[in-house]
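**Student:** just coords:
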């Protein structure tokens, strides 16, 4: 995955999102962290997977800005329908922890894909490492 990311970043500035391959009830594609957290809430993770999830979720909580802490309305369904977070391709320190989450999802048969885009939607939040967008139509991103 790292080689693919580096190749795409070398071609153009991109954003990156890890998301489900299937839409949820609301028609959205849940992100990788939410998918793993759902498995945990249902008691599906092994002890080792739960340890990984808790350790890495704690690391993200301590090191990565939660857009909702900056703007509590960023994920409001009425104000920002379908809002979704994307990594900036330059956020390597945050992206490098994602493969462990992907391994957990694969072990449980949950489909997840990396989606790259130079224009994933209308930006409603941005910091040094991520954006939150109201997505354009599905066909504007390339899995």
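**Tutor:** Here it is on my side, so go on. Just so you know, these numbers come straight off a predicted model, no measurement behind them.
**Student:** got the contact list for residue 39?
**Tutor:** 45, 49, 104, 105, 108, 110 (Cβ atoms under 8 Å, 6 or more residues apart in numbering). Quick note: C-beta positions are derived from backbone N, CA and C, even for glycine.
**Student:** all the strands of this protein, residue numbers only.
**Tutor:** Remark: strands assigned in the chain by DSSP state E are 15-20, 84-88, 112-117, 121-126, 130-135.
**Student:** out of the contacts of residue 39, which are buried?
**Tutor:** Buried subset of the contacts of residue 39 (neighbour count, 16 or more other Cβ atoms under 10 Å): 45, 49, 104, 105, 110.
**Student:** helices - which of those residues land there?
**Tutor:** 49, 104, 105 (DSSP state H).
**Student:** excluding its backbone neighbours, what's nearest the last one?
**Tutor:** Spelled out, it's residue 105. residue 112 (4.7 Å; Cβ to Cβ, 6 or more residues apart in numbering).
**Student:** distance of the one you found from residue 88?
**Tutor:** 20 Å (Cβ to Cβ, to the nearest Å).
**Student:** report the buried residues of stretch 28-44.
**Tutor:** 28, 29, 30, 31, 32, 33, 35, 36, 37, 39, 40.
**Student:** what sits against residue 21?
**Tutor:** 29, 111, 112, 113.
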